[in-house]
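Student: mind folding the following:
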Amino acid sequence: MKHAVPGTNKTKSRGEDSTGKFSSVHPIMDSLEKQLICPICLELFTKPVVILPCQHNLCRKCANDIFQASNPYLPTRGGTVTSGGRFRCPSCRHEVVLDRHGVYGLQRNLLVENIIDMYKQESTSSKPAPQRAADQPVCEVHEDEKINIYCVTCAMPTCSMCKVFGAHKDCEVAPLKSVYQVQKTELSDSIAMMVGNNDRIQGIISQLEETCRAIEENGRRQKSQVCEKFDHLYAILEDKKREMSLQVTAEQEEKLNYIRGLKRKYEDHLESMTKIVESGIQTMEEPEMSLFLQTAKALLHKIGEASNKSHLEKVERGYENMDHYTVNFKKESKAIHAIDFIGDDEEEEEDGLGVGAEEDSHTELTASGGADGGGLPAHPLPLPLPQPAPNTLKNTGLS
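Tutor: Residues are numbered from 1 along each chain as shown. Here you go, the predicted model:
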């Protein structure tokens, strides 16, 4: 027993030296590997390696492929160009002119080939030894006893000694394997359900993105119609045109902000559920039953909480509609076209009626809209932006 401890320390020291050596050599090997990558196939050079006149290297097979692609009409024999031609170096674009031997007339780079052999040999010898699999866990109370049963009452794996003499002697127990199979099946079904839910949520996110695009398009179209109508009213209606455009823009931005916020909620929910699925898949791959059971119950609880989508909202059908901002200025256009110069005799008569006629004209300048009454106000001065109609922002929870 006295000789065992020094021997163990000596073995550990050698392992540490070997690991330290590998750690210091590893960056050098990575740097060397980057210099030995073919720019065509992006892998280590494959023998034979040819050197171009510009001093860049290629696999001869890759050089032949790029040569044939650059000279498609040259005669070939067995897939190889048999006459001279030219191609450009993929690294520096230098033009390489070949003789009648084609790529087989290029000189082989034996130095690079030898370096590749040495690199492969060093990479194989310097790989660290694989770690041994972890032993079966043992009971924390009885250190020599392996965990081999499951306490149903306490919902935790334990050992036989705990059942006979320890804290679980009055508890109901079950074979570890049977509980393992039950909970593994339950976790598998839950993961499958989560994957299906993720697909449905991804579909909802796609619909929300389409809704954003529809709102943007409808907003642009409606603003364009408003601007076209106001162009006929010239400077008198410029302030009103700006006000109506701001109304459309305000509702568009409000709807877009709501949809984008709802989209972010769904994306956050999807991301959290995806992480749970990944954690569940990792747990499913755990071969040790006791380790699996230690994490399965908590994971199932997380899946149950993540499956609850009651806090997420959905958009009412037609929410993207902006048709209530449609305008019609036929009467106003006729009134404007009817305006003309007045005579001296009519000036005094029309002078008293001018103010009243102008007010009536402003009163009739209204936009035909939907049920929310989005018409133009009668007063010509700028007014505060109207609040969205109640029937356009109705949100309900997901069913």
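
Student: mind listing the strands for the stretch 101-250 of the chain?
Tutor: 107-108, 149-151, 156-158, 173-175 (DSSP state E, counting those that start in this stretch).

Student: distance from the chain centre to the last one, please.
Tutor: Yep, that's strand 173-175 we're talking about. In this view, strand 173-175 has its centroid 44 Å away from the chain centroid, taken as Cα atoms, centre = their mean, to the nearest Å.

Student: buried residues, it. List them.
Tutor: Val173 (16 or more other Cβ atoms under 10 Å). Every C-beta, even on glycine, is put in place using the N, C-alpha and C of the backbone.

Student: starting from that strand, tell me which strands it pairs with and how they run.
Tutor: strand 149-151 (antiparallel) (DSSP bridges).

Student: contacting residues around the strand it pairs with?
Tutor: Defining contact as Cβ atoms under 8 Å, 6 or more residues apart in numbering, one finds that strand 149-151 is touched by 156-160, 162-163, 168, 171-176, 179-180, 293.

Student: that strand - what's its average pLDDT?
Tutor: Averaged across strand 149-151, the pLDDT comes to 89.

Student: distance from it to the middle of the chain?
Tutor: On Cα atoms, centre = their mean, the centre of strand 149-151 falls 42 Å from that of its chain.

Student: try stretch 312-325
Tutor: For stretch 312-325, the distance to the chain centre is 26 Å (Cα atoms, centre = their mean).

Student: stretch 272-292 too?
Tutor: Distance, centroid of stretch 272-292 to centroid of chain: 22 Å (Cα atoms, centre = their mean).

Student: show me what contacts the nearest residue to Glu288 once chain neighbours are set aside?
Tutor: Closest residue in space to Glu288, ignoring its immediate chain neighbours: Gln136 at 6.8 Å, by Cβ to Cβ, 6 or more residues apart in numbering. Applying Cβ under 8 Å, 6+ apart, we find Gln136 in contact with Lys146, Ile147, Glu288, Ser290.

Student: make a markdown table from those and add distance to Ile28 to it.
Tutor: Formatted as a markdown table, the contacts of Gln136 follow (distance: Cβ to Cβ, whole Å):
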| residue | distance to Ile28 |
| --- | --- |
| Lys146 | 45 |
| Ile147 | 45 |
| Glu288 | 38 |
| Ser290 | 43 |
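
Student: just the buried residues from the residues you listed, in PyMOL please.
Tutor: The PyMOL command for the buried members of those (criterion: 16+ other Cβ under 10 Å) is given here:
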select buried, resi 147+290
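
Student: which elements pack onto the biggest helix by length in the chain?
Tutor: For the chain, the longest helix by residue count, based on DSSP state H, is helix 176-231. In terms of contact count using 3 or more Cβ pairs under 8 Å, 6 or more residues apart in numbering; DSSP states H and E, helix 176-231 is assigned the packing partners strand 149-151, helix 238-284, helix 289-306, strand 313-315.

Student: wait, which of these is closest to Gly102?
Tutor: Set against Gly102 and scored by Cβ to Cβ, these come closest in helix 238-284, at 51.4 Å.

Student: what are the ranges of the helices in the stretch 1-150 of the chain?
Tutor: 4-35, 60-70, 110-125 (DSSP state H, counting those that start in this stretch).

Student: least confident of those, on average?
Tutor: Among the helices of the stretch 1-150 of the chain, helix 4-35 carries the lowest mean pLDDT (a mean of 52).

Student: tell me the contacts of Leu32?
Tutor: Applying Cβ under 8 Å, 6+ apart, the residues near Leu32 are Ile115, Tyr119.

Student: low-scoring stretches of the stretch 201-350 of the chain, by residue?
Tutor: 230, 233, 309-311, 343-350 (pLDDT under 70).

Student: out of the helices and strands packed on helix 176-231, which one sits most buried?
Tutor: Most buried of those by mean neighbour count (mean count of other Cβ atoms under 10 Å) is strand 149-151; its value is a mean of 21.

Student: count the neighbours of the residue lying closest to Asn71 once chain neighbours are set aside for me.
Tutor: Distance criterion Cβ to Cβ, 6+ apart; nearest residue to Asn71, sequence neighbours excluded, is Gly85 at 4.0 Å. Around Gly85 there are 18 other residues, counting by other Cβ atoms under 10 Å.

Student: next one: His324
Tutor: 20.

Student: what pLDDT is listed against the residue nearest to Glu288?
Tutor: Reported pLDDT at Gln136 in the predicted model: 74.

Student: how much space separates it from Lys184?
Tutor: Per Cβ to Cβ, to the nearest Å, Gln136 is found 18 Å from Lys184.
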